[in-house]
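A.B. asks: A predicted structure for the sequence below; I have some questions about it.
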Amino acid sequence: MSDPIQLFETYEHYHEVEFTSDLCVKCNICTSACPVAPVTELFPGPKTVGPQAQRFRMTGERGDESPDKSVDYCSGCGICTMVCPHGVKIMEMNTRARESLYDGKIPLRNRLLGRSELMGKWGHKFAPLLNFGKSIRPARIIVEKVIGIHRDAPLPSWEFTSFREWFARHKPQPSAPVRGKVAYFHACAGNYYDTAASKAAVLVLAHNGYDVVLPEQNCCGLPMQSNGEFDAARAHGARNVSWLAPYARQGIPIVGASTSCTLSLKSDYREILRLEHPDRDFVGRHVYDLSEFLLLLHEKGELRTDFKALPGISDTLIYHAPCQQKAHNIGQPALDLFDLIPDLRVRMADAACCGIAGTYGFKAEKYQIGMDVGKPLFDQVRANGVDKPVICDSETCRWQITHATSARSVHPIQVLAAAYGLMPL
């Protein structure tokens with residue numbers, strides 16, 4: 001009989017995630033909560049491709065190829081992990097299985113979708129041309145046929161002036177009393193595509209007495225991780241940890257408005273990528289999602305509450321808490337912050353997922369799945385009126401909501417900044 005200690009050491013590269021498959025009791029709660037399985041027969045559910053298939057993968061030193069290639073249709077939303085009553089890390093093991101499925105043979109389409117920072121860096125100087133080009137239907141059809149990015153996918157728009165360029169010229173000064181520094185992790189979208197959220201973030205932080213600094217940073221690595229490029233994702237993650245560690249050692253909070261990126265810094269580097277860096281967990285403990293950080297300030301009596309009613313907003317607004325935000329396990333702090341704004345009524349959407357799941361819904365074979373997953377949310381937005389802004393913490397979810405409904409989508413921090421009178425909503 002094998003020594004159980006030696007057996008565990010044989011699989012030490014799996015850390016904890018894959019071994020949680022033994023906690024699965026086949027209750028199917030994960031499958032009943034999965035937003036993807038009900039809309040397509042291509043994905044049999046998280047239990048089947050997760051803990052059930054994991055027992056076949058854990059043979060040999062590195063594990064065999066997944067016996068079920070449908071794992072590639074897992075969107076990585078993480079709802080299965082959140083609802084599992086036994087602590088099985090289903091999404092995490094599925095994401096690792098996808099890496100083994102690709103085995104380093106990453107399609108060009110996936111490599112492009114994983115390079116949001118590179119495309120932003122080289123593309124934003126040609127923003128008017130590229131933004132016009134992505135609206136040309138024949139060009140989008142050709143891209144779909146050649147590369148595999150769906151012709152209707154909600155591609156973001158480039159900003160000609162990056163957030164860092166704006167910040168260098170317009171850095172807001174902290175209001176008195178000055179409380180210290182905050183390191184702002186703006187992420188790829190916040191720097192090149194959705195700069196309004198980043199501008200609102202630093203304005204609100206400065207309004208509350210913080211001297212905002214921008215650490216050196218690169219992509220969090222999540223787009224690469226989602227597309228099976230773990231080595232590239234780890235390299236990006238290691239650089240981020242090295243750049244952020246000095247701030248953490250000084251006790252400077254690391255705050256980000258992109259909820260998926262802050263989740264990567266907090267947990268994905270450990271749970272999925274198995275990033276080997278001495279400061280990985282130390283940095284993760286100093287990372288805060290933006291609404292989380294502001295609510296903590298309020299609980300300590302340090303958040304300024306000089307909010308005013310939002311002009312032109314008299315009806316109830318819909319707030320969609322994206323999957324990545326829920327995975328932080330911090331509740332919905334944005335809703336508590338909205339309660340501080342006079343006359344503002346916000347209702348949380350009764351929908352699990354918008355369907356975009358990062359880059360999942362951009363892919364030709366998965367676009368319609370994403371749209372079907374998001375239909376309950378889109379129906380609620382339309383019923384509430386598309387003339388009103390929809391609030392959501394994730395940039396890709398905001399792009400998806402606007403694409404599907406034509407309603408304008410904003411980050412919670414933009415609502416707070418408008419209520420402070422710092423910028424229009």
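C.D. replies: All right, it came through fine. Numbers count the residues shown, from 1 in each chain.

A.B. asks: What's the mean pLDDT across stretch 295-311?
C.D. replies: Across stretch 295-311, the average pLDDT comes to 96.

A.B. asks: got it, and stretch 149-156?
C.D. replies: 95.

A.B. asks: end to end, how far does that stretch reach?
C.D. replies: 13 Å (CA to CA, to the nearest Å).

A.B. asks: can I see the domain layout of this protein?
C.D. replies: Domain segmentation of the chain under automatic domain parsing yields 4-102, 317-420.

A.B. asks: Tell me which of these approaches residue 203 most closely.
C.D. replies: Set against residue 203 and scored by CB to CB, those come closest in domain 317-420, at 5.4 Å. Where you see a C-beta, it was placed from the backbone N, CA and C, and this is true even at glycine.

A.B. asks: so how far is that closest one from its chain's centroid?
C.D. replies: The chain centroid and the centroid of domain 317-420 are separated by 12 Å under CA atoms, centre = their mean, to the nearest Å.

A.B. asks: ok, back up a step: so which of the domains of the chain is the most packed in?
C.D. replies: Mean neighbour counts were taken over these using mean count of other CB atoms under 10 Å, and the top value, a mean of 21, falls to domain 317-420.

A.B. asks: quick one: terminal-to-terminal distance for it?
C.D. replies: 18 Å.

A.B. asks: Can you add distance to residue 145 and give the domains of the chain back as TSV?
C.D. replies: What follows is the domains of the chain, written out as TSV (distance: least, CB to CB, whole Å):
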stretch	distance to residue 145
domain 4-102	20
domain 317-420	9
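
A.B. asks: hey, least reliable of those by pLDDT?
C.D. replies: Taking the mean pLDDT of the domains of the chain, domain 4-102 comes last: a mean of 79.

A.B. asks: Grab the nearest non-local neighbour of residue 386.
C.D. replies: Leaving aside its chain neighbours, residue 386 sits nearest to residue 407 (4.0 Å; criterion: CB to CB, 6 or more residues apart in numbering).

A.B. asks: which SS class is the one you found?
C.D. replies: coil (DSSP: H, G, I helix; E, B strand; the rest coil).

A.B. asks: Thought residue 399 was touching it, still the case?
C.D. replies: No: using CB atoms under 8 Å, residue 407 makes no contact with residue 399, being 11.9 Å away.

A.B. asks: on that earlier part again, what's near enough to touch the residue nearest to residue 386?
C.D. replies: 381, 382, 386, 387, 388, 389, 390, 401 (CB atoms under 8 Å, 6 or more residues apart in numbering).
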